[in-house]
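>>> need coordinates for the below:
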Amino acid sequence: MKRLFIDIPALLDGNGKADKIECEYLYHRKNNGSFSLLEVAEFASYCRQCKDAFCVAACPKDALERLESGTVKRYNMRCVGCKSCTLACPFGTIFPDVINYITMSCDYCLQQLRSNPDYEPRCVKTAPNQAFQMKETAENPAEHIFFVGDFLTVKSPSWLQKEERQ
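I've put the predicted structure just below:
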């Protein structure tokens, strides 16, 4: 199964052109779905996946849920922007700027891919350095390639590598 693959190092080498990535989703004319993808991709690589997820416990509206995989899922419509999760995170990985009422989301162009398996979304066509690709992927922790949900694969150095622990 093809997944959307985001290569964060390749994107960073694109000289800050991430804001030029386009999204074709009808409801994202002014609300680019690629931003939510990047948020998910970055959060997945920065979140320390604490066994006792303090951010989840601190949320008064159950807007966060720790999944069996260890990732934290956010329910945007439940979030009231109180920033309790930001304060509760012992590692400071939840940034307050991206928490409030972000309702955009990517549908991974699943409908188009069902009708045309070779379909290439606009984000793939417009991302610098082929940082977004639609392709068959496999998880490879040694190369910092991880699945995030059912349709997204992210390549990003882990926080262990960033802190030179690996």
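>>> where does F5 land on pLDDT?
Among the per-residue scores, F5 holds a pLDDT of 94.
>>> how many residues are close by it?
Other residues within reach of F5 by the criterion other CB atoms under 10 Å amount to 20. In short, each C-beta sits where N, CA and C put it, glycine included.
>>> shift numbering so it begins at 22
Sounds good: first residue 22 from here, last item F26.
>>> ok, which stretches of this structure are helices?
Under the criterion DSSP state H, the chain contains helices at 29-33, 54-67, 75-79, 105-109, 131-136, 143-147, 180-183.
>>> average pLDDT for the longest one?
For helix 54-67, the mean per-residue pLDDT is 70.
>>> so what pLDDT did the closest residue to N150 other than its chain neighbours get?
Ranked by CB to CB, 6 or more residues apart in numbering and with sequence neighbours excluded, the top spatial neighbour of N150 is A31, at 4.2 Å. At A31, the model reports a pLDDT of 88.
>>> quick check: A31 touching V175?
No: because the distance of 11.6 Å does not satisfy CB atoms under 8 Å, A31 is recorded as not touching V175.
>>> these two - which one has more neighbours?
When neighbours are counted by other CB under 10 Å, V175 comes out ahead of the other of A31 and V175, with 25 against 17.
>>> that one pairs with what?
Taking DSSP bridges, one finds I27, F167 as the beta-bridge partners of V175.
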